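got a sequence here, can you build the structure:
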Amino acid sequence: MSSRSSGADHLAQVHELNRLFLTVLQSCVREKLDCFALPNGARSVLRSASGLLLDSIAEFPRALFQISLDDSAAGAYLAPKTRMETVRQSMNLTILLCAWTFSRQSVYQARFLLGMESRTIQQLRTLQLTDLQPLALAPQLVRCAFATREWLWIELLTETRPEVRRQLALIALQPGIEQEWPFKRSALPT
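Modelled structure (predicted):
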């Protein structure tokens, strides 16, 4: 398999993972459950988003979620008690398995498409497949990417113009967006 088709396969996986994440996230918003640190201003928009809109947003060229393997995320493993906890943990395991595979196949793809930091990639690379199931039970394992960028989430959920969607993708693909980009953005050109 060529590296170009491998990259396309990885991107297709990210789109599928985004769609899974958005579906679970929307269910959590609708049921007023923990929403993976989704900014408050984006919740009402996501609550009423159509399936077609979620499909479009899922095509974003980067993961809309992030994985945290920090001690705080893995501190308490919870056995699922409700249907949504089971759904969430299934999603966690799916995302974790794909991230584990990405980290072993291509550090670049893991960093670029999943937005993972070097430390997280290295942690994943040291895990065995059997380590993933218990780790998926950590309640804070998967969170929203760009959680401190409410404007980005609102634009993703509301903006349909192709040129603005491309600008959002370019912004999101910048390294260090979580730490270095300003909290308030200037208006995107129209």
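
pull the longest helix from the protein.
With secondary structure taken from DSSP state H, the chain has its longest helix at helix 3-30.

in it, which residues are buried?
10-11, 13-15, 17-22, 24-26, 28-29 (16 or more other C-beta atoms under 10 Å). Just so you know, the C-beta spots here come from the backbone N, C-alpha and C atoms, and that holds for glycine as well.

that one packs against which elements?
Contacts defined by 3 or more C-beta pairs under 8 Å, 6 or more residues apart in numbering; DSSP states H and E place helix 3-30 against helix 40-47, helix 51-58, strand 65-67, helix 83-105, helix 107-114.

tell me the gap between the first one and the middle of its chain.
Read that as helix 40-47. Relative to its parent chain, helix 40-47 has a centroid offset of 16 Å by C-alpha atoms, centre = their mean, to the nearest Å.

angle of that helix against helix 51-58?
130 degrees (axes from the mean of the first three to the mean of the last three C-alpha atoms, to 10 degrees).

which helices and strands does helix 40-47 pack with?
helix 3-30, helix 150-158.

mean confidence score for it?
The pLDDT scores in helix 40-47 average 96.

for the second one, same thing?
Rounded to a whole number, the mean pLDDT of helix 51-58 is 95.

just for this protein, where's the confidence low?
Where the chain drops to pLDDT under 70, the residues are 1-7, 71-78, 175-190.

go again with 80.
Residue ranges of the chain with pLDDT under 80: 1-7, 70-80, 175-190.

list the contacts for the closest residue to S118 other than its chain neighbours?
Spatial nearest neighbour of S118, excluding adjacent residues (C-beta to C-beta, 6 or more residues apart in numbering): R111 at 7.4 Å. By C-beta atoms under 8 Å, 6 or more residues apart in numbering, R111 lies in contact with E117, S118, I121.

same check on D131?
So D131 contacts nothing (C-beta under 8 Å, 6+ apart).

can we see that at 10 Å?
Neighbouring residues of D131 by C-beta atoms under 10 Å, 6 or more residues apart in numbering: L96, W100, L124.

center of this protein, which residue is that?
The centroid of the chain falls nearest to F65 when counting by C-alpha atoms, centre = their mean (1.4 Å).

can you tell me which residues contact that one?
Contacts of F65 (C-beta under 10 Å, 6+ apart): 14, 17-18, 20-22, 24-25, 36, 91-92, 95, 99, 114-115, 141-147.

ok, R19 next?
G51, L54, D55, I57, A58, E59, L64.

and those residues, which of them are buried?
L54, I57, A58, L64.

possible to save these as CSV with distance to V45?
Shown next, in CSV, are these (distance: C-beta to C-beta, whole Å):
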residue, distance to V45
L54, 11
I57, 11
A58, 15
L64, 14
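
nearest to P134 among these?
L64 (25.0 Å; C-beta to C-beta).
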